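Q: only geometry, no sequence info:
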């Protein structure tokens with residue numbers, strides 16, 4: 001039977017509302033909780049068995065952060081890398097601890113991130129249970145996070161994203177439990193986790209701020225201020241964050257932070273800012289909805305909201321742009337949405353998981369809006385874009401409907417749940433991630449995805465057999481997609497680094513990609529590594545790998561040489 005047994009739980013009411021004050025967890029069956037937590041750990045372990053994390057090459061930008069660990073081990077002092085925009089010191093110290101215990105390698109640093117990913121999963125499950133999501137719904141939501149392709153891809157790296165997310169979720173869980181139980185220990189643990197998250201990425205500041213805003217809103221509604229909880233919420237992270245600002249004054253601004261601030265200054269708080277934000281929101285909507293994919297129930301009387309949001313999204317896709325300049329450009333042909341016999345031409349391709357990326361041009365400056373290692377092909381993303389956008393529209397309609405219920409609950413004086421604090425952290429993360437950075441990357445979606453997943457599965461008490469069957473089937477599809485995509489990425493990276501090592505042994509410096517060039521040092525465009533034969537170059541050797549998402553085709557990474565240099569075989 002696919003559908004879990006019925007849950008005896010209070011009905012779902014809006015956003016952050018409950019028929020009773022959430023002072024305790026929903027009635028706990030300890031054996032059931034232990035079973036679910038073991039299932040989470042088992043799923044995480046199965047992932048590592050299916051896709052072993054061993055690799056000795058950087059992923060995306062983690063050569064920057066691995067270099068910081070190496071510098072810390074060599075000198076005993078933290079040095080801000082030139083290419084880092086994050087606060088980073090919290091990640092560097094974490095990686096240094098692992099490197100001193102087990103030796104420095106990308107594999108060891110990856111395991112340090114994977115442990116953080118497990119903490120993120122357990123904390124998310126705890127949050128879901130603390131805010132009255134039934135056990136099966138909490139388990140489904142945790143599974144959606146575990147097998148999210150961005151979560152998996154970034155967990156197999158030493159990037160900042162997963163450690164930051166883990167600490168943000170741990171801090172949020174502790175704040176929720178502290179607000180429910182009023183025990184000091186929870187607030188201390190929350191503050192330490194939030195402070196640590198800030199020492200990795202500046203967005204950690206949003207965690208205590210979100211719960212402070214919740215306490216302020218609760219005080220206004222109840223006309224009773226919660227001073228003790230407010231002080232406990234702010235005290236520990238405030239000390240850590242304040243200490244960071246005092247200590248960091250001795251650190252020079254990194255080149256990457258300076259360039260990012262310079263780029264952002266061309267649109268933040270200026271005329272194109274709202275359109276940049278709106279286009280970015282439309283950009284991340286499909287991928288966010290795709291990977292929070294489960295049953296979303298809307299009352300029959302409110303399906304008109306879907307029509308309204310459909311018109312808003314279509315208008316945005318066709319009309320939002322910068323005057324005289326293209327906000328999003330790609331080296332691919334103009335995008336055409338094809339659904340059966342219906343073909344719709346769009347003004348620009350909204351999103352591409354490709355090698356080249358999208359280019360933002362504002363105030364005469366060009367720079368990459370998206371350029372990351374792809375974990376699936378542009379063709380795959382084009383196939384997913386339309387259904388993802390459709391799911392996003394339904395999600396927006398459900399959110400609008402839920403906001404209406406939430407406002408009604410406020411009029412009826414239903415107590416405000418600490419879940420509101422968690423959602424405020426999520427809302428502020430969305431706004432900051434889309435409105436202020438100089439560039440937008442697909443991995444930024446991960447920071448606010450748990451909030452969307454929780455919103456979806458919080459309605460699980462009202463799901464019937466059909467909704468549960470649908471949700472479980474979609475979870476299986478997402479998990480299968482993620483495993484295939486990550487396996488493709490691993491095999492492609494292995495082939496690329498084998499090709500670069502083979503070529504480097506014969507010619508010395510080469511152009512092996514952004515990560516190779518920066519980690520190994522130097523670049524020589526006479527000898528590139530690429531997935532396609534470049535004009536004016538000849539192929540010296542092919543390195544095969546399997547592309548599962550392309551029908552298990554055999555594809556090749558090509559070690560190439562410019563046509564005007566002697567063949568390698570003749571040396």
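A: Sure thing, it's come through. As the structure is a prediction and not an experimental result, all values here were calculated from the model.

Q: quick one: the helices in the stretch 201-350 of the chain?
A: In the stretch 201-350 of the chain, the segments counted as helices under DSSP state H, counting those that start in this stretch are 206-222, 227-248, 255-264, 273-290, 304-319.

Q: in CSV: those helices, plus mean neighbour count, distance to residue 452 and mean pLDDT.
A: For glycine as for every other residue, the C-beta is placed from the backbone atoms N, C-alpha and C. Output for the helices of the stretch 201-350 of the chain, formatted as CSV (neighbours: other CB atoms under 10 Å; distance: least, CB to CB, whole Å; pLDDT from 0 to 100):
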stretch, mean neighbour count, distance to residue 452, mean pLDDT
helix 206-222, 20, 15, 94
helix 227-248, 16, 24, 94
helix 255-264, 15, 25, 83
helix 273-290, 20, 6, 84
helix 304-319, 14, 15, 89
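
Q: quick one: residues contacting residue 169.
A: Going by CB atoms under 8 Å, 6 or more residues apart in numbering, residue 169 touches 119-120, 123-124, 127, 450.

Q: which of these has the most neighbours?
A: The member of those that has the most neighbours, counting by other CB atoms under 10 Å, is residue 450 with 30 neighbours.

Q: and after the host helix or strand of that one, which helix or strand comes next?
A: Assessed by DSSP states H and E, residue 450 sits inside helix 449-457. Per DSSP H and E, helix 449-457 leads on to helix 465-507 as the next helix or strand towards the C-terminus.

Q: just the terminal-to-terminal distance for stretch 195-211.
A: Using CA to CA, to the nearest Å, the end-to-end distance of stretch 195-211 comes to 14 Å.

Q: can you give me how far that stretch is from the chain middle?
A: Offset of stretch 195-211 from its chain centre (CA atoms, centre = their mean, to the nearest Å): 16 Å.

Q: now stretch 397-408
A: 25 Å.

Q: show me which parts of it are buried, residue by residue.
A: Neighbour-count burial for stretch 397-408, counted by 16 or more other CB atoms under 10 Å, picks out 397-399, 401-402, 405-406.

Q: nearest to residue 214 among those residues?
A: Nearest to residue 214, judged by CB to CB, of the buried residues of stretch 397-408 is residue 406 at 13.2 Å.

Q: any idea of the mean pLDDT in the helix or strand the closest one falls within?
A: Element membership for residue 406, per DSSP H and E: helix 378-411. Across helix 378-411, pLDDT averages out at 84.

Q: got it, and stretch 107-117?
A: pLDDT averaged over stretch 107-117 gives 98.

Q: and that stretch, what's buried?
A: 108-117.

Q: hang on, the earlier thing: so which elements touch the helix holding residue 406?
A: For helix 378-411, the packing partners by 3 or more CB pairs under 8 Å, 6 or more residues apart in numbering; DSSP states H and E come out as helix 273-290, helix 304-319, strand 336-339, helix 449-457.

Q: 10 Å - rerun?
A: The contact analysis (3 or more CB pairs under 10 Å, 6 or more residues apart in numbering; DSSP states H and E) places helix 378-411 against helix 273-290, helix 304-319, strand 336-339, helix 449-457, helix 465-507.

Q: how far off helix 449-457 does the first one point, in degrees?
A: Orientation note: helix 273-290 sits at an angle of 60 degrees relative to helix 449-457 (axes from the mean of the first three to the mean of the last three CA atoms, to 10 degrees).

Q: now the angle between helix 378-411 and helix 273-290, please.
A: When the same axes, to 10 degrees is applied, the directions of helix 273-290 and helix 378-411 differ by 100 degrees.

Q: with the second one instead?
A: Between the axis of helix 304-319 and that of helix 378-411 there is an angle of 130 degrees, by the same axes, to 10 degrees.

Q: and helix 304-319, what does it pack against?
A: helix 273-290, strand 342-345, helix 378-411.

Q: closest to residue 468 out of the ones you listed?
A: Of all those, helix 378-411 comes closest under CB to CB, at 17.1 Å.

Q: tell me how far that closest one is from the chain's mean position?
A: With CA atoms, centre = their mean, you get 18 Å for helix 378-411.

Q: hmm, back to that, mind putting the helices and strands packed on helix 378-411 into TSV with distance to residue 54?
A: Below are the helices and strands packed on helix 378-411 laid out as TSV (distance: least, CB to CB, whole Å):
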stretch	distance to residue 54
helix 273-290	28
helix 304-319	42
strand 336-339	41
helix 449-457	27
helix 465-507	10
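
Q: great, nothing more from me.
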